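In: Got a predicted model here, sequence first, then my questions.
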Amino acid sequence: MCGRFFRHDVTWEDYHTALGLIVPEGVAPPEAAYNIAPTQLVPIVRHVPEGDGPDTNARELALAMWGLVPSWWHKPLKEKTFSTFNARAETVASSNTFRGAFRHHRCLVPASGYYEWTGAKGAKTPFAIGLSNRRWFCFAGLWDRAMIDGSEVDSFTILTTGANDATAGLHARMPVILHPRDHDRWLDGAASEVGDLMAPFPSEDMQVWAVGRAVGNVRNQGPELATEV
C-alpha cells in the first residue's frame, strides 16, 4: 500500500536527463512536497495525450489527481465510493477499473520516498521508506482522463506489489519502484511486456527510518517530515 509519499526538489535538468522531458520555458519545476495524500494534484510523467499536442511521442510533466477516475466514469466525483489511489499489480490487467489505463496510459510518478505506519492503534509510529543511493526515483503509475460535468479530469494511481524483506515488517505491500533503465519500457512497451517490472524493488537498495508523527496531518508539508527522529 502507498497512502502518503514525498518528493524532494527536482530540477528541470534532472527531469530532462533522467526522463527525456522537454523543458518548458519560463515555468518553474514543481515544488518539493513532503506529505502527498490521495485526491491531491501531483505531477506525473506521461506521453502527450492525443489531441493535446502534435507529438504524442513526446513526454510531458502534467498535474493529475491522485486516485484514478476511469474514463467510463461520468458521475460527480462525490459519488465515487471505490478507492483507486493504488492498483494491485496482480490484477491490474484484468480489472474493469484499471485495465484500459494499463494497456494505453501508463505513467511515471516522481517521488523520493513514501510513508508507512506500524504499532498499536492510537500510538502508531510512522516510517519513511526511500532508496539508499538516489535522491528521487519513479513509481510505476497509470493515468486516465474522464469527462465529468463537461470538464476533463486527469487522474492517476500507483501500482503496488508484495513487500520486500526491508518493508515487510511495516506492510504486506509496497509501491512498484522502477529502475531508471526500465522507464522507457514502462511507458512504451506493450502490456504483455511489462509484467516483470512490477516485482518488489531489491531490499538491499532501500532504507527505512522512523519519522515524526506530524506526517499524520496532511496540512504539515515541511521537509522535516522526512527527517529521521
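Out: Everything's here; your move.
In: Quick one: residues in contact with the lengthiest helix in the chain.
Out: In the chain, taking DSSP state H as the definition, the longest helix is helix 12-19. Contact with helix 12-19 is made by 21-24, 29, 45, 59, 61, 108, 110, 136, 138, 180, 183, as judged by CB atoms under 8 Å, 6 or more residues apart in numbering. Placement of C-beta: from N, CA and C, glycine included.
In: Select from these every entry located in helices.
Out: residue 183.
In: Show me which of the contacts of helix 12-19 are buried.
Out: 21, 29, 45, 59, 61, 108, 110, 136, 138, 183 (16 or more other CB atoms under 10 Å).
In: Show me which pair in the residues you listed is furthest apart.
Out: 29 and 183 (17.8 Å; CB to CB).
In: Including pLDDT and distance to residue 151, could the buried ones among the contacts of helix 12-19 go into a markdown table?
Out: Formatted as a markdown table, the buried ones among the contacts of helix 12-19 follow (pLDDT from 0 to 100; distance: CB to CB, whole Å):
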| residue | pLDDT | distance to residue 151 |
| --- | --- | --- |
| 21 | 90 | 26 |
| 29 | 94 | 26 |
| 45 | 96 | 23 |
| 59 | 92 | 24 |
| 61 | 94 | 21 |
| 108 | 98 | 25 |
| 110 | 98 | 25 |
| 136 | 97 | 31 |
| 138 | 98 | 28 |
| 183 | 97 | 30 |
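In: what about the closest residue to residue 36 other than its chain neighbours, distance to residue 142?
Out: Closest residue to residue 36 apart from its sequence neighbours, by CB to CB, 6 or more residues apart in numbering: residue 5 at 5.2 Å. Here residue 5 is placed at a distance of 16 Å from residue 142 (CB to CB, to the nearest Å).
In: again with residue 150
Out: For residue 150, the distance to residue 142 (CB to CB) stands at 24 Å.
In: higher neighbour count, the two?
Out: Set residue 150 next to residue 142 and count neighbours by other CB atoms under 10 Å: residue 142 wins out with 28 against 5.
In: what helix or strand is the more buried one on?
Out: strand 137-148 (DSSP states H and E).
In: In its sheet, which strands sit next to that strand, and in what direction?
Out: strand 106-111 (antiparallel), strand 151-162 (antiparallel), strand 177-178 (antiparallel) (DSSP bridges).
In: Now the second one: buried residues?
Out: Judged by neighbour count (16+ other CB under 10 Å), strand 151-162 contains these buried residues: 153-161.
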